[in-house]
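Enquirer: Next input, structure requested:
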Amino acid sequence: MMAEPTAVPSPAYAPARRSARAAEARAGFLFVTPWMVALLVFTMLPLIATFVLGFAQYRPGSTPTFVGLDNYEALFADPAFWKATKNTALFALCLVPLKLLLALGLALLLDAGGRSANIYRTIFYLPTLVPVVASSIIFMLLLTPNAGPVNVILQALGISAPDWLKDPRAAFWTLIIMSLWPLGIETLIFLSGLKEIPDEIQDAAKLDTDRPWERFFGITLPLITPMILFNLVIGIISSFQVFVQALVIGDTVGRPGESTLMIMILIYRSAFRYFNIGYAAAIASLLFVGVLVLTLLIFRTARSWVYYEGESR
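Expert: Residues are numbered from 1 along each chain as shown. Next up is the predicted model:
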């Protein structure tokens, strides 16, 4: 029995196919060109300029002068730099775990909330739409000594209310509370991870144990570790860049007692109050390198605690 002859493509078919692919490639490059131009102009060039200006003495209207490592020597000898670094690191250390825990708790409640979860999901997300300046001013009004609703309620309960905006310790925690308030994005990310857990796994876990905490730590938590990693990295990056809340509370001096002086405030003060652009660029360069190293360390350690679907250990 003779085999049926296979179809041989026409000689004109291959050039036509290559032409179609070339047209698709040109269209693709055309669509991504605006994004690539924006990335180059508004991200890469400022980033390179920041590193270059960190080695120069530059003020607006003057010509940059190369000074080598003078800016870095000056900032390492500046007590304000070390104070801002300490405040920012402590701020990130307190804020990020609290934000992760609260967001995960809210996501667990929403996951078990039934039909009403959609309403509460919207309510929890709404604070992220409020401008940061407006929310910071509202918090300052709520925490006003003697007249603020928070202090009035605490005094009615017989609790000695702190001076939230003038006591250095209280002002620092006020800044954390302000930054902790909008939890909508982190909560929705955790909720999406919880929704992706197959019902079969949950049913099998219920057959294995009737203790919710065992099911949570043994099944649920490992399966949402990719979302924990994402929220952890984004949280650390954003916490090291806290600016608006600290500026509203403590202005550029970090009052009271430099308790709200953060690295971004120091960069802003150096660049736009003292017009020492080179010094501010040096601080920004160190901030970039520090956050980059910390992020890379997190990704490296993530191999031991982040579990992806279908991955064998």
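
Enquirer: List phi and psi for Gly257.
Expert: Backbone torsions of Gly257, given as degrees, to the nearest 10, read phi 60, psi 30.

Enquirer: For Ile234, see how far away it is.
Expert: Plainly put, Gly257 is 30 Å away from Ile234 if you go by CB to CB, to the nearest Å. Every residue, glycine included, has its C-beta placed from N, CA and C.

Enquirer: and the nearest residue to Thr252 once chain neighbours are set aside, how many neighbours?
Expert: Leaving aside its sequence neighbours, Thr252 sits nearest to Arg269 (CB to CB, 6 or more residues apart in numbering; 4.3 Å). Applying other CB atoms under 10 Å, we find 20 residues neighbouring Arg269.

Enquirer: And the pLDDT at Arg269?
Expert: Arg269 carries a pLDDT value of 94.

Enquirer: try Ala3
Expert: On the pLDDT scale, Ala3 is placed at 53.

Enquirer: Can you give me the buried ones in the helix or strand of the chain with the lowest mean pLDDT?
Expert: Across the helices and strands of the chain, mean pLDDT, DSSP states H and E gives its lowest value to helix 199-208, namely a mean of 81. Using 16 or more other CB atoms under 10 Å as the test for burial, helix 199-208 gives Ala205.

Enquirer: mind checking how far it is from the chain centre?
Expert: Centre-to-centre, helix 199-208 and its host chain are 34 Å apart (CA atoms, centre = their mean, to the nearest Å).

Enquirer: which stretch of helix or strand covers the residue nearest to Thr252?
Expert: Per DSSP states H and E: Arg269 is located in helix 263-272.

Enquirer: what comes up buried for that helix?
Expert: In helix 263-272, counting by 16+ other CB under 10 Å, buried: Ile263, Met264, Ile265, Leu266, Ile267, Tyr268, Arg269, Ser270, Ala271.

Enquirer: Show me the contact partners of that helix.
Expert: Under the criterion CB atoms under 8 Å, 6 or more residues apart in numbering, residues 80-81, 84-85, 88, 240-243, 246-247, 250, 252-254, 276-277, 279-281, 283-284, 287 lie in contact with helix 263-272.

Enquirer: So among those, which ones count as buried?
Expert: 80-81, 84-85, 88, 240, 242, 246-247, 250, 252, 254, 276-277, 279-281, 283-284, 287.

Enquirer: Give me the subset of those lying in helices.
Expert: 80-81, 84-85, 88, 246-247, 250, 277, 279-281, 283-284, 287 (DSSP state H).

Enquirer: what angle do the helix or strand hosting Thr301 and helix 263-272 make?
Expert: Taking DSSP H and E as the definition, Thr301 sits inside helix 277-301. Relative orientation of helix 277-301 versus helix 263-272 (axes from the mean of the first three to the mean of the last three CA atoms, to 10 degrees): 160 degrees.

Enquirer: helices or strands next to helix 277-301 in the packing?
Expert: When contacts are defined as 3 or more CB pairs under 8 Å, 6 or more residues apart in numbering; DSSP states H and E, helix 277-301 packs onto helix 45-53, strand 56-57, helix 70-76, helix 225-239, helix 263-272.

Enquirer: Just want the angle from the last one to helix 45-53.
Expert: Our comparison of helix 263-272 with helix 45-53, counting by the same axes, to 10 degrees, yields an angle of 70 degrees.

Enquirer: I appreciate the help and will end here.
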